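S.K.: show me the folded form of this:
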Amino acid sequence: MTKAGILLLSCTLAGVAHAGTDAAAQNAQTKVFTTVERTVVPVAVSTDAPPVAPYDIPSFEKYGYGRWEYGPGVPYAKKLDLMPASYAPAANAAKLLHFFTMTDIHITDKESPAEAVFYGVMPMHPIISAYSPAMLYTTHVLDAAVRTANALNKENKFDFGLSLGDAANSTQYNELRWFIDVMDGKTINPSSGAHLGADKIDYQMPYKAEGLDKSIPWYSTIGNHDHFWMGSFPETEKTRKAATGSAIMEIGNIFTSNLGTATTGYYVGVVDGGTEYGTPKGYGPVSKFPAPPTVAADPDRRSLNISQWIGEFFNTTTEPRGHGFSAKNAKNGFANYTFQPNPKLPLEVIVLDDTQRDDNPSDGHNGPDWGHGYLDAKRYAWLLKQLDKGQKEGKLMIISAHVPIGVSSADALEGWSTLAAVTEKDLIAKLNTYPNLLMWVAGHRHKNTVTPLKSPDPAHPELGFWVVETASLREFPQQLRTFQIDRNADNTLSIFVADVDPMIDGLPLVAKARANAIAANQIFKTMPPASDPAGSSYGTINAELVKALTPQMQAKLKNCGTPLAK
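M.R.: Below is the predicted model of the structure:
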């Protein structure tokens, strides 16, 4: 495997080392491939195939939806966008750090009377994020991603893992518990309410998750879906009561009305867990129902505020307890913290909540929802304090946030809020004053992208940094991403980023989830082109991202890392 077999992280200067992995146990593992070695390639649907509804799963195979095959790998593309035009790349000399990210898992209580199946099955402009046949297996895909991370860890030990937000689909306690419990390796009961089909329907039946290898610490970042109803609107008394009640919630067109969730006229519907294919029910115009449709109530569907959401990360069996958050974070709902993956390596991760506040008004500029990037004055001041501190102490820095910056998007709902204390342009300009900032890692847009934010001063290329997005685990391509930071022979850094498809061997429900996710993209016509003019894409991006360092950091890192085989 590319860059495999390097099992130790050490810094000669500091004298730190981690133990390797037993070779016999390593050989016993199923081979895991990254997209450097092979890719998952959807097979195009015939132009003669009729359109099918996204919930008509039996017709997918019949008409060629959701089919895929393995394709060739995508090698690392060396990206020198941040370097001077005259720069000649040097050989990779030593490994400094290895970690993974996963994001936008959207663990979904598909039987909740307060989610929004209707918006995904309505005849006019259905929305894949509201309903997708992949939502039947969200906990199973997360389990597969964890198993994949464990297998990769046997080949090249991870120093840590990062969840980049949207662990839950819609603020519910049971959704977040499923997420943490999968990470912990608990028994998962992926149903709610009356637990229809839990004794015979595959996606409803209890199962034992593998759990992340306890030698890998993992940390969490908050996303907009973790504290907004469906990621888009502040929770209200109406949405909270609906979640724990039995009546399927009535709502209207939240995307055009200024009333938001107070709108009426349609029942949102649920997935019928007692059916083999999760047929949606209880949705549509109120006028078509003689009485409100109902489901079995469940108190575990209660909505969590930010403090409660943070607090759940202390109920865990994997490390560290709190997964980065402190008791103070849980008390005050301030979802920002820092951690140093290895106290002997001068690198700090700054975990930043860049989602909107629950008390923000609709900003009107980007549309009537709360899913934009945002920093208030307190969070912005905190970020600058951490950056100033890291720069002064001579530490490399990585920012982990849910919403990316500096990425082009035709969708205004993905942009930066006009209510923020700092504009996106000014934020980037400020970040370009910190030469030790390596990258901003994010999720949110369900895309794989790599974006260079270049130095404004050609004489100081070290002021540039990278923005790296990881795709959603729920929707295709359903990938996690690995990062390996190497020191080069000329004392620059190379950040190797690679997409990874979760394993499906021996996991038939995950194979179904992959087929369903591909079919959903084909039905909703969201299957992307191979790339866009900016060099970013929804598809696989494996790259070697080269970054210049100040003379001070070059001297500090000169003897750090595990030497790489030549």
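S.K.: for whichever strand or helix holds Lys389, which helices and strands make contact with it?
M.R.: Using DSSP states H and E, Lys389 maps to helix 377-392. With contacts defined as 3 or more Cβ pairs under 8 Å, 6 or more residues apart in numbering; DSSP states H and E, helix 377-392 has these neighbours: strand 347-352, strand 396-401, helix 424-431. Every C-beta, even on glycine, is put in place using the N, C-alpha and C of the backbone.
S.K.: 10 Å instead?
M.R.: The criterion is 3 or more Cβ pairs under 10 Å, 6 or more residues apart in numbering; DSSP states H and E, and the helices and strands that helix 377-392 contacts are strand 337-339, strand 347-352, strand 396-401, helix 424-431, strand 437-442.
S.K.: of all these, which lies closest to Asn156?
M.R.: In this view, the helices and strands packed on helix 377-392 are compared for proximity to Asn156 by Cβ to Cβ, and strand 347-352 is the closest at 17.7 Å.
S.K.: report all helices and strands that the closest one contacts.
M.R.: With contacts defined as 3+ Cβ pairs under 10 Å, 6+ apart, strand 347-352 has these neighbours: strand 92-102, strand 160-163, strand 218-220, strand 337-339, helix 377-392, strand 396-401, strand 437-442.
S.K.: could you identify the helix or strand that succeeds the last one?
M.R.: Using DSSP H and E, the helix or strand that directly follows strand 437-442 along the chain is strand 449-453.
S.K.: pull up the pairing partners for the next helix or strand after that following strand, direction included.
M.R.: Past strand 449-453, further along toward the C-terminus, the next helix or strand under DSSP H and E is strand 465-469. According to DSSP bridges, the neighbouring strands of strand 465-469, each with its direction, are strand 437-442 (parallel), strand 449-453 (antiparallel).
S.K.: wait, Tyr283 sits on Gly120?
M.R.: Yes - counting by Cβ atoms under 10 Å, Tyr283 touches Gly120, with 9.4 Å between them.
S.K.: shared neighbours, those two?
M.R.: When contacts are counted by Cβ atoms under 10 Å, 6 or more residues apart in numbering, the set common to Tyr283 and Gly120 consists of 131, 269.
S.K.: which residues does Pro404 contact?
M.R.: Contacts of Pro404 were listed using Cβ under 10 Å, 6+ apart, and they are 164, 354, 373, 414, 416, 440-445, 447, 449, 451, 467-470.
S.K.: before we move on, back to that, could you dump the helices and strands packed on strand 347-352 into a markdown table with distance to Val74, mean pLDDT and mean neighbour count added?
M.R.: Formatted as a markdown table, the helices and strands packed on strand 347-352 follow (distance: least, Cβ to Cβ, whole Å; pLDDT from 0 to 100; neighbours: other Cβ atoms under 10 Å):
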| stretch | distance to Val74 | mean pLDDT | mean neighbour count |
| --- | --- | --- | --- |
| strand 92-102 | 18 | 97 | 23 |
| strand 160-163 | 22 | 98 | 25 |
| strand 218-220 | 26 | 98 | 24 |
| strand 337-339 | 31 | 98 | 19 |
| helix 377-392 | 33 | 98 | 16 |
| strand 396-401 | 23 | 98 | 25 |
| strand 437-442 | 19 | 98 | 25 |
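S.K.: of the ones you listed, which is nearest Thr171?
M.R.: Comparison of these against Thr171 by Cβ to Cβ identifies strand 218-220 as nearest, at 15.0 Å.
S.K.: going along the chain, name the helices of the chain.
M.R.: Remark: helices assigned in the chain by DSSP state H are 23-27, 58-63, 118-121, 138-155, 173-184, 224-227, 237-244, 306-311, 327-332, 377-392, 424-431, 508-523, 551-557.
S.K.: Ala85: neighbour count?
M.R.: Each residue near Ala85 was counted by other Cβ atoms under 10 Å, and the total is 6.
S.K.: now do it, the pLDDT please.
M.R.: Per-residue confidence for Ala85 comes out at a pLDDT of 94.
S.K.: shouldn't it be in contact with Pro458?
M.R.: Yes - taking Cβ under 10 Å as the contact criterion, Ala85 and Pro458 are neighbours in contact, 9.0 Å apart.
S.K.: picking up where we left off before, just put the helices and strands packed on strand 347-352 in CSV and tack on distance to Ala145.
M.R.: Compiled in CSV, these are given as follows (distance: least, Cβ to Cβ, whole Å):
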stretch, distance to Ala145
strand 92-102, 6
strand 160-163, 10
strand 218-220, 12
strand 337-339, 21
helix 377-392, 29
strand 396-401, 17
strand 437-442, 16
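S.K.: of those, which is nearest Trp309?
M.R.: Trp309 sits nearest to strand 218-220 of all the helices and strands packed on strand 347-352, at 9.4 Å, using Cβ to Cβ.
S.K.: hmm, who's touching the closest one?
M.R.: For strand 218-220, contacts defined as Cβ under 10 Å, 6+ apart pick out 99-100, 102, 146, 149, 158, 160-165, 167, 179-180, 183, 212, 226, 309-310, 312-313, 316, 318-320, 322-325, 335, 337, 339, 341, 349, 351, 400.
S.K.: coming back round to it: dump the strands paired with strand 465-469 into a markdown table; add distance to Pro42 as well.
M.R.: Formatted as a markdown table, the strands paired with strand 465-469 follow (distance: least, Cβ to Cβ, whole Å):
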| stretch | distance to Pro42 |
| --- | --- |
| strand 437-442 | 25 |
| strand 449-453 | 19 |
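S.K.: and of those, who's closest to Thr34?
M.R.: Set against Thr34 and scored by Cβ to Cβ, those come closest in strand 449-453, at 15.5 Å.
S.K.: can you check which of the strands paired with strand 465-469 gets nearest to Leu557?
M.R.: strand 437-442 (11.9 Å).
S.K.: just the CA atoms of that closest one, as CSV, please.
M.R.: In CSV, the C-alpha atoms belonging to strand 437-442 read as follows (Å, rounded to 0.1, in the frame of the first residue of the first chain):
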residue,chain,number,x,y,z
LEU,A,437,-1.1,27.5,9.4
LEU,A,438,-1.0,24.3,7.3
MET,A,439,-4.6,23.8,6.4
TRP,A,440,-8.3,24.2,7.1
VAL,A,441,-10.1,20.8,7.0
ALA,A,442,-13.9,20.7,6.7
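S.K.: return the distance of that strand from the chain's centre.
M.R.: 14 Å (Cα atoms, centre = their mean, to the nearest Å).
S.K.: likewise for stretch 478-489?
M.R.: Using Cα atoms, centre = their mean, we find the averaged C-alpha position of stretch 478-489 to lie 16 Å away from the chain's own average C-alpha position.
S.K.: cool, and stretch 552-566?
M.R.: Average the C-alpha atoms of stretch 552-566, do the same for its chain, and the two points are 30 Å apart (Cα atoms, centre = their mean).
S.K.: mind listing what's buried in it?
M.R.: Applying a neighbour-count criterion of 16 or more other Cβ atoms under 10 Å, one finds 553-554, 556-557, 560-562, 564 buried in stretch 552-566.
S.K.: make JSON lines from those residues and add distance to Tyr76 and pLDDT to it.
M.R.: Converted to JSON lines, these look like this (distance: Cβ to Cβ, whole Å; pLDDT from 0 to 100):
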{"residue": "Met553", "distance to Tyr76": "23", "pLDDT": "97"}
{"residue": "Gln554", "distance to Tyr76": "23", "pLDDT": "97"}
{"residue": "Lys556", "distance to Tyr76": "26", "pLDDT": "95"}
{"residue": "Leu557", "distance to Tyr76": "21", "pLDDT": "96"}
{"residue": "Cys560", "distance to Tyr76": "22", "pLDDT": "91"}
{"residue": "Gly561", "distance to Tyr76": "18", "pLDDT": "91"}
{"residue": "Thr562", "distance to Tyr76": "19", "pLDDT": "92"}
{"residue": "Leu564", "distance to Tyr76": "14", "pLDDT": "92"}
